[in-house]
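Novice: with the sequence up front, the predicted model follows.
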Amino acid sequence: MTLSGGSIIAIKYKGGVMMTADTLLSFGRMARYRGFSRIRSFGDNTLISFTGDHADFTTLMEEMEKEIEHDVQQDDGVVLNASEIHTLLTRILYHHRSDMKPKWTYLIVAGSDKDGKSFLGYIDLYGTHFECDYTATGYAEDLALPMIRREWNPEITEDQAAALLQKCVKVCVARDCKQSSDIQFAKVSETGTSLSRPVKIDCDWSVASYKEIE
Amino acid sequence: MSGIGAGYDLSVTTFSQEGRIFQVEYASKAVETRGTMLSMRLDDSILIATEKPTLSKMAISSSRRRVYRISSHIMMGVSGILADGRAIVEWAREETSRFKDNYDRDIPVFVLAERVGNFMHAYTTHPSVRPFGTTICLCGVTKDVQSARASRAAKKPDNGRPELFQITPSGDVNRMHAMAVGKGRQVARVELEKLLPPHNRDAFTIEMDAQRRQVEAARDTEEEGEEEAAAEKHLDNMTLDIAAKEAVRILYLARDASETEMGEIEICGIGVGMIPTFIPAEKIKNLLEEVKKEEEEESSDDDEETDEAELGESSETE
Amino acid sequence: MAEPVKLGTTIMSVKYAGGVILGADTRTSAGSYVANRVSYKISKLSDRIYCCRSGSAADTRFLADVTKTNLSMHSSIIEEPPLVRTAARLMRHYTYAYREHLSAGLIVAGVDEIEGPKVFQLPSGGSAIEIPVAIGGSGSTFITAFVDANYRPDMNKAEALQFVIRAISHAMDRDGSSGGIIRTVVIPESEDEEVAEEWHKTVL
């Protein structure tokens, strides 16, 4: 048993990408470490978040830090964008699975591509990867994705996106054993990346007044 | 065979009877005959300035850069043979990023300097290789116990302290306050010595400076009153901008007078909280114009003064 | 006696205002037999960096020794005491590279002049997390809530020491694999204060 991170939900909106994750690292079902940010920002314009093994993620991020430093060293005005970081990670993850030593993580990469358009990409431990308008990993794949499919459209504004994510997270807090209620929201747009402090998300408990018929 | 090497200069693996290794000395010659490079360590930053002789009218001006980023906290200036230097740059980059990965902290500049020294020294001990024809100017910002204590005392956040090293083809590593190598090094060193902070100068230089200041002060009071006669400019109280202009002035003074035009000047700065950054070519061009004008005025002002460059030549030691 | 020697253990480390404290019980068991009732589960990595060990005694002793050696070499190269984060990074690289073969839960804690007091927890699997208070070993499960409820980062040295002793006493009381006495190492941030290695009887 190792340390692992739970669900992530990410959606594109008009002008950027928004992402949410809780701030918990679990050891099996035990809530082991709280207040841990599972969303990392890279450079000015990329967010990476993970579900799965924390040690593998740490190691991948150490590798990515070297890549970012490489850009600084070269000083040629070329800096990896989110879509390139995504591609690089797909190759790394696929390499490790081919080595029969998969890095047990599901990654979400958000930012922009070479044309400056919003980018959102998914990678899993086998190196399976795709670009998408919205995605979720972990239990949120089952809990949140159906809601997003119903409500999302390409013209969704930042506020609407935030409200949609909020709604999804509430369901996850209510129905996922491993979801903590301290949630971080992050967004990436033309103006750069921003990560919120963890906020408490409570769900609706009014159903508690329901009484069983005797 | 009756030249200075007398048969002992064909390999780095043989000492001459006087205990010299001629190939290494020739490598230093490769540095001495090429473009001037200088570096100054200021209070919280360092700059490297270099004059690149024009290769051809067809060459793009920004090409053949001589200062390279090693990481966000270290840069390296390469004098002499550029291609030799680039091999060292690449090696140093790998060493730096490996250190960071292994120990989760930035490599202290002196550690990298010693390793680069070892690397270059290895090329002076094998028969199958030749030494590097370059003197390396390694500068960067070190965050360590010393900088932590200093910033604690000053009640400021610890952002490190600047360090400057010179590494010669022999693998010698020296901690410097300022340095100059290449064609114009002698004039440049005399000028740089004048900028050393008082505690860093030898008695002779201090004496000479005092005399010079007296003369200047007397002249200034005669001419325009006693404004700012006491404010002495030295490396520890200069800003990077002022130092950049000073660097341009020194390169101008140290230029090859036999050439009709000066080569392109390249200046790169690094500092506490500042990654290695080039000063824009346009700005350097303006600085050079300013300097030229000031120096021309200066020389028409005091025709009768002795030639300071000549005076410096005698104090030059190698 | 075919069972391997395991450190069924309670270990912990806390940051207080002015330094860090490491604590551990002293029971080493092989199966149900207490192989050693006064063992050392805290190892020195450098003058002001120590680590608490849980899991396989053999694995963790090796990790501590190898980290100590590497750290002292690194320290001579940089010509100053190492950072706590450096010790944690060196250990993490080992525990990650050999995660399939090692059984080791470690806490690296100490002080350095640049970053001050630091505590890193390295659970099995090759993770490393910086936290203000770390608990580990089989006994830690019994005191998670106690630590959550009672830890404050602004405790002074005496309060923090008392907190560590109480927490480990509770764990030893409930965990059959933990027992004996409580060993502590107090590492103050200030250079003028000595590192104190002590042992205490359980307070329950």
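Specialist: Right, received. Where do you want to start? Please read these numbers as outputs of a predicted model, since none were measured by experiment.

Novice: could you use CA atoms for every contact and neighbour count after this?
Specialist: Fine.

Novice: close to chain C: what parts of chain A are there?
Specialist: Residues of chain A lying close to chain C by CA under 8 Å from any CA of the partner chain are A:Met1, A:Thr2, A:Leu3, A:His54, A:Ala55, A:Asp56, A:Thr58.

Novice: what about the closest residue to chain C within chain B, neighbour count?
Specialist: In chain B, the residue that lies nearest chain C is B:Tyr103 (4.7 Å; CA to the nearest CA). When counting by other CA atoms under 10 Å in any protein chain shown, one arrives at 21 neighbours for B:Tyr103.

Novice: ok but A:Tyr70 is inside a helix, no?
Specialist: Wrong residue type there; residue A:70 is His, not Tyr. Yes. Counting by DSSP: H, G, I helix; E, B strand; the rest coil, A:His70 is found in a helix.

Novice: got phi/psi on B:Gly271?
Specialist: phi -160, psi -180 (degrees, to the nearest 10).

Novice: that one: what's it in contact with?
Specialist: Residues in contact with B:Gly271 (CA atoms under 8 Å, 6 or more residues apart in numbering or on different chains) are B:Asp44, B:Ser45, B:Ile46, B:Gly140, B:Val141, B:Pro162.

Novice: which non-adjacent residue is nearest the last one?
Specialist: With CA to CA, 6 or more residues apart in numbering or on different chains as the criterion, B:Pro162 has its nearest non-adjacent residue at 4.4 Å, and that residue is B:Val141.

Novice: same deal with B:Arg66?
Specialist: Distances taken as CA to CA, 6+ apart place B:Val78 nearest to B:Arg66, at 5.3 Å, with adjacent residues excluded.

Novice: in this structure the one you found contacts B:Cys139, no?
Specialist: No. The criterion here is CA atoms under 8 Å, and B:Val78 misses it with B:Cys139 at 11.5 Å.

Novice: more neighbours: which of these two?
Specialist: Here B:Val78 and B:Cys139 are compared on neighbour count by other CA under 10 Å; more neighbours surround B:Cys139, at 35 against 27.

Novice: so which strand or helix has that one?
Specialist: strand B:136-142 (DSSP states H and E).

Novice: quick one: name whatever helix or strand follows that strand.
Specialist: Next element after strand B:136-142 (DSSP H and E): helix B:145-153.

Novice: between that following helix and strand B:136-142, how many degrees?
Specialist: 40 degrees (axes from the mean of the first three to the mean of the last three CA atoms, to 10 degrees).

Novice: average pLDDT across the following helix or strand past helix B:145-153?
Specialist: For helix B:145-153, the following helix or strand on the C-terminal side (DSSP H and E) is strand B:161-167. Strand B:161-167 carries an average pLDDT of 96.

Novice: so what strands line up beside strand B:161-167?
Specialist: Here strand B:161-167 is paired, per DSSP bridges, with strand B:136-142 (antiparallel), strand B:173-175 (antiparallel).

Novice: now the residue in chain C that chain A sits nearest to, what's its secondary structure?
Specialist: Nearest residue of chain C to chain A (CA to the nearest CA) works out as C:Ser127 at 4.3 Å. State at C:Ser127, reduced to three classes by three-state DSSP: coil.

Novice: what's it sitting at in phi/psi?
Specialist: The phi/psi pair for C:Ser127 (degrees, to the nearest 10) is phi -90, psi 170.

Novice: how close does it sit to C:Met91?
Specialist: 10 Å (CA to CA, to the nearest Å).

Novice: do the same with C:Met12
Specialist: According to CA to CA, C:Met12 and C:Met91 sit 17 Å apart.

Novice: these two - which one has more neighbours?
Specialist: Ranked by neighbour count (other CA under 10 Å), C:Met12 and C:Met91 place C:Met12 first, with 31 against 25.

Novice: the more buried one pairs with what?
Specialist: In beta-bridge terms (that is, DSSP bridges), C:Met12 pairs with C:Gly23, C:Ile135.

Novice: which residues touch it?
Specialist: C:Leu22, C:Gly23, C:Ala24, C:Cys52, C:Ile107, C:Val133, C:Ala134, C:Ile135, C:Gly136, C:Val164, C:Ile168.

Novice: helices of the chain, start to end?
Specialist: Chain wasn't specified; assuming chain A. A:54-74, A:82-98, A:140-143, A:145-151, A:158-175 (DSSP state H).

Novice: actually chain C
Specialist: C:57-78, C:84-97, C:144-150, C:157-174.

Novice: does the shortest one come close to chain A?
Specialist: Which is helix C:144-150. No. Counting by CA under 8 Å from any CA, chain A is not contacted by helix C:144-150; separation bottoms out at 9.0 Å.

Novice: can you dump the C-alpha atoms of that helix in PDB for me?
Specialist: Written as PDB, here are the backbone C-alpha positions of helix C:144-150 (Å, rounded to 0.1, in the frame of the first residue of the first chain):
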ATOM      1  CA  THR C 144      -3.400   9.900  14.800                       C
ATOM      2  CA  ALA C 145      -6.400  11.600  16.400                       C
ATOM      3  CA  PHE C 146      -4.500  12.500  19.500                       C
ATOM      4  CA  VAL C 147      -1.800  14.200  17.500                       C
ATOM      5  CA  ASP C 148      -4.400  16.000  15.200                       C
ATOM      6  CA  ALA C 149      -6.100  17.300  18.300                       C
ATOM      7  CA  ASN C 150      -3.100  18.300  20.400                       C
END
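
Novice: which parts of it are buried?
Specialist: C:Thr144, C:Val147 (16 or more other CA atoms under 10 Å in any protein chain shown).

Novice: B:Tyr8: what's it in contact with?
Specialist: Residues near B:Tyr8 by CA under 8 Å, 6+ apart: B:Thr14, B:Phe15, B:Ser16, B:Ile21, B:Phe22.

Novice: just to be sure, it is in a helix?
Specialist: No. Under three-state DSSP, B:Tyr8 sits outside any helix and is assigned coil.

Novice: starting at the chain centroid, how far to stretch C:55-63?
Specialist: 13 Å (CA atoms, centre = their mean, to the nearest Å).

Novice: what's the average pLDDT for it?
Specialist: Stretch C:55-63 comes out with an average pLDDT of 94.

Novice: what residues does it touch?
Specialist: C:4-9, C:53-54, C:91, C:94, C:102-106, C:137.

Novice: 10 Å instead?
Specialist: Applying CA atoms under 10 Å, 6 or more residues apart in numbering or on different chains, the contact partners of stretch C:55-63 are C:4-9, C:28-29, C:41-43, C:51-54, C:66-69, C:90-92, C:94-95, C:101-106, C:123-124, C:136-138.

Novice: got the buried residues for it?
Specialist: In stretch C:55-63, counting by 16+ other CA under 10 Å, buried: C:Gly55, C:Ser56, C:Ala57, C:Asp59, C:Thr60, C:Arg61, C:Leu63.

Novice: ok, stretch A:6-19 next?
Specialist: By 16+ other CA under 10 Å, the buried positions in stretch A:6-19 come out as A:6-13, A:15-19.

Novice: now do that stretch: distance from first to last residue.
Specialist: Stretch A:6-19 end-to-end distance (CA to CA) = 14 Å.

Novice: off-centre distance for that stretch?
Specialist: Per CA atoms, centre = their mean, the centroid offset for stretch A:6-19 relative to its chain is 8 Å.

Novice: show me where the chain dips below the pLDDT cut-off.
Specialist: The chain I'm using is chain A. Residues of chain A that meet the criterion pLDDT under 70 lie in A:214.

Novice: that's the wrong chain, I meant chain C
Specialist: Ranges of chain C meeting pLDDT under 70: C:1-6.

Novice: what do you get if the cut-off is 80, keeping everything else the same?
Specialist: C:1-7 (pLDDT under 80).
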